[in-house]
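>>> take a look and give me a structure for this.
(one chain, ligands or ions: 3)
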Amino acid sequence: MEEWGKRTWNLFSKIRTESPLIQCITNFVSMDLMANTLLSAGASPAMVHSVEEIPDFTPRVSALCVNLGTLSPDSLSAMITAAQICSELGIPWVLDPVAVSASSFRFDACVRLLGFKPTVIRGNASEIIALSSSSKSSSAKGADSTHDSMDAVEAAKLLARTSGAIVAVSGATDIVTDGNQVVGAHNGVALMQKVTATGCSVTALIAAFLALDKTHALDAAVSALAVFGVAGELGMKMAKGPASLRMHLIDALYGLDEATLLSHVNITSLS
Ligand SMILES: Nc1ncnc2c1ncn2[C@@H]1O[C@H](COP(=O)(O)OP(=O)(O)OP(=O)(O)O)[C@@H](O)[C@H]1O
Ligand SMILES: Cc1ncsc1CCO
Ligand SMILES: [Mg+2]
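Ligands and ions are numbered 1, 2, ... in the order given. Here you go, the predicted structure:
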């Protein structure tokens, strides 16, 4: 546990000193919270999503975050172009398959994007179960999960093996796997589910952690989820509901110091 805490702090403090440039092609709901999450963590966000700009811009970024939340034919072209560049240039990129089973268009888009080998896939339990089982007809309602993250462990392992990506499942326990090893990050508070785009934002934070060391993608994903969860716990101490949690979570992320992080991080091996 102590080792995980130190590893997490080392990566997090590097974001603050190196301020990696993170491109986000994301949904309209999440843009504000995602950009503010990255800024508060010390990274430099850029919501560049026009396909005309991607050949110039994407080769210069340190990592890419692709989120299907408000997918359209135009945004899909941008995602595919950017993912292809990252895959060719070895730039780490993260896929957030929001509401993957909502439509065939969205599901097929996810499958096409998997062809460009995301470094990490982060979804909630319903999304990871649907993507892993290739099932377009899941019980998921939309962007919110109807499953517990622990129900998605086997699905996550299977998806990691078939895609070659590290797979992260958010929930009461955040789960991260490479297909064999399974690690749990137990930080966070349930009210984070009532703040839209917290999941989208932690996916972008994973991209920021990956930007520093893409060769240890499992560590990057676990660390990002733990840091965001700790910020949620600290923010909750001052929050009166979802709106003030959103504000205090961002403040807590910005002010997070080593001693506070080390005393709160709760990461365990689940395999
Ligand atoms: N029951 C819970 N207890 C503690 N933390 C939680 C709980 N549920 C979710 N979280 C945390 O909330 C954040 C968002 O996770 P969630 O699973 O709600 O993502 P999501 O469904 O993709 O969200 P969105 O699509 O709105 O961005 C994560 O950091 C996760 O760890
Ligand atoms: C509510 C919602 N709808 C599409 S994306 C999004 C934000 C959470 O994923
Ligand atoms: Mg989501």
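
>>> what does the chain have sitting close to ligand 3?
Val98, Gly199 (CB under 5 Å from the ion). For every residue, glycine as well, the C-beta is placed using N, CA and C.

>>> next, count neighbours for whichever residue of the chain sits closest to ligand 2.
Closest residue of the chain to ligand 2, CB to the nearest ligand atom: Gly69 (2.8 Å). Look at Gly69: counted by other CB atoms under 10 Å, it has 21 neighbours.

>>> quick one: low-confidence parts of the protein?
1-2, 135-141 (pLDDT under 70).

>>> nearest to ligand 3: which residue in the stretch 101-250 of the chain?
Gly199 (3.6 Å; CB to the ion).

>>> check the burial of the residue nearest to Val189 when sequence neighbours are not counted by counting its neighbours.
Excluding the flanking residues, the one nearest Val189 by CB to CB, 6 or more residues apart in numbering is Met236, at 4.6 Å. For Met236, the neighbour count with other CB under 10 Å is 18.

>>> I'd say Met236 and Leu245 touch.
Yes: with contacts counted by CB atoms under 8 Å, Met236 reaches Leu245, the gap being 6.2 Å.

>>> which residues does the closest residue to Ser271 other than its chain neighbours contact?
Among residues not flanking Ser271 along the chain, Val182 sits closest, at 4.0 Å (CB to CB, 6+ apart). Contacts for Val182 (CB atoms under 8 Å, 6 or more residues apart in numbering) come out as Val153, Ala156, Lys157, Ile175, Val176, Ser269, Leu270, Ser271.

>>> secondary structure element for the fifth one?
With elements taken from DSSP states H and E, the one containing Val176 is strand 174-177.

>>> does ligand 1 sit close to that strand?
Yes: against ligand 1, strand 174-177 shows contacts by CB under 6 Å from any ligand atom at Asp174.

>>> report the buried residues of that strand.
Across strand 174-177, burial judged by 16 or more other CB atoms under 10 Å covers Asp174, Ile175, Val176, Thr177.

>>> report all helices and strands that that strand contacts.
Contact partners of strand 174-177 among helices and strands, from 3 or more CB pairs under 8 Å, 6 or more residues apart in numbering; DSSP states H and E: helix 153-163, strand 166-170, strand 182-185, helix 217-236.

>>> how about the nearest residue to Ala156, chain neighbours excluded?
In space, Ala156 is closest to Val167, 4.3 Å off (CB to CB, 6+ apart).

>>> contact partners for that neighbour?
Val167 touches Val120, Ile121, Arg122, Ile128, Ala156, Lys157, Leu159, Ala160, Val176, Thr177, Gly179, counting by CB under 8 Å, 6+ apart.

>>> how about the secondary structure of the nearest residue to Gly69 once chain neighbours are set aside?
Excluding the flanking residues, the one nearest Gly69 by CB to CB, 6+ apart is Asn27, at 2.7 Å. Assigned with DSSP: H, G, I helix; E, B strand; the rest coil, Asn27 falls in the coil class.
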